[in-house]
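Prediction below, plus the sequence it came from.
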Amino acid sequence: MSDTERVPLVVGVSGASGTPYAAAVLRGLLAAGAAVDLVVSRASRLTLLDETGVSFRDAHWREDLRAWLSRGADGAPDTFASEVGEWLDDGHRVRYHPAGDLAAGPSSGSYRTRGMVIVPASTACVAGVALGLSKDLLQRAASVTLKERRPLVVAVRETPLSGPTLRQLVALDEAGAVVLPVSPGFYAGADHIQDLVDFVAGRVLDAVGIPHDLYRRWRGQLGGGAARSQATNPR
């Protein structure tokens, strides 16, 4: 993939709890052959360290990203190590932009992208994007995505939701964003925490048209999820 052919999807990771969701989305994008421009907010580094033990450093982002994406949702360190190593060895597949770099490509509408997903999206991030604050690259890239009428998916992770946040989410919906609460479905069957995480990641990828096989789709047959679980874990 040359630079002239490269049209990435921007992935923003904010400070909300739920870094395994972001990892699953990133793995899904890379498995589908998509190029990714990654923006990790300063607050999300603290969440990532707390939830996974992985420090995310600008100067060592590639090795830190490898460690993060290799972990399963249950914390097992090498669950996806072989796949991740292959994806990240291609230097064109992932580009990382520090959140403070407001001169980075995604800050401009003339920089071509396929759109943007914010996963997980904190309420502070939701407010910043809804109000057009552009206080960092993550918020600026989201504002650019909206003004250029490109797909924007906001995977909000908070409960309960306050009135101001609900109004800001409505504003984002009216501006053209897809508001996608981090809300796992159980009809697909779930034998492991990774299944629940992958369901949400799959819905995010669906919203931007990326093919995947992260969850069992509904086929109009009742009991399919239960049958899957019983086949995997017979009693």
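Perfect, thanks for sending it. Since the structure is predicted, the reported quantities are computational estimates derived from the model, not experimental observations.

just the helices in the chain please.
All helices of the chain, identified by DSSP state H, fall at 19-31, 42-52, 61-70, 81-88, 123-131, 137-147, 163-174, 193-207, 224-232.

Which among those is found nearest to R157?
Of all those, helix 19-31 sits nearest to R157, with 7.3 Å by CB to CB. The way it works is simple: take the backbone N, C-alpha and C, and place the C-beta from them, glycine included.

Please pull out the lowest mean pLDDT helix or strand from this structure.
Lowest on mean pLDDT, DSSP states H and E among the helices and strands of the chain sits helix 224-232, with a mean of 60.

about what we covered before: confidence-wise, which of the helices of the chain is weakest overall?
Of all those, the minimum mean pLDDT falls on helix 224-232 (a mean of 60).

shouldn't D58 be in contact with P98?
Yes: using CB atoms under 8 Å, D58 makes contact with P98 at a distance of 5.3 Å.

could I get stretch 171-187 in PDB with only the CA atoms?
Extracted C-alpha coordinates of stretch 171-187, given in PDB (Å, rounded to 0.1, in the frame of the first residue of the first chain):
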ATOM      1  CA  ALA A 171     -26.900  17.100  18.600                       C
ATOM      2  CA  LEU A 172     -24.300  14.600  17.200                       C
ATOM      3  CA  ASP A 173     -27.000  12.500  15.700                       C
ATOM      4  CA  GLU A 174     -28.500  15.600  14.100                       C
ATOM      5  CA  ALA A 175     -25.100  16.500  12.700                       C
ATOM      6  CA  GLY A 176     -24.800  13.100  11.000                       C
ATOM      7  CA  ALA A 177     -22.900  11.000  13.500                       C
ATOM      8  CA  VAL A 178     -23.900   7.500  14.400                       C
ATOM      9  CA  VAL A 179     -24.400   7.300  18.200                       C
ATOM     10  CA  LEU A 180     -23.500   3.700  19.200                       C
ATOM     11  CA  PRO A 181     -23.800   3.000  22.900                       C
ATOM     12  CA  VAL A 182     -21.400   0.300  24.100                       C
ATOM     13  CA  SER A 183     -24.200  -2.200  24.700                       C
ATOM     14  CA  PRO A 184     -23.500  -5.900  24.000                       C
ATOM     15  CA  GLY A 185     -26.200  -8.100  22.600                       C
ATOM     16  CA  PHE A 186     -26.700 -11.600  23.900                       C
ATOM     17  CA  TYR A 187     -28.600 -13.200  21.000                       C
END
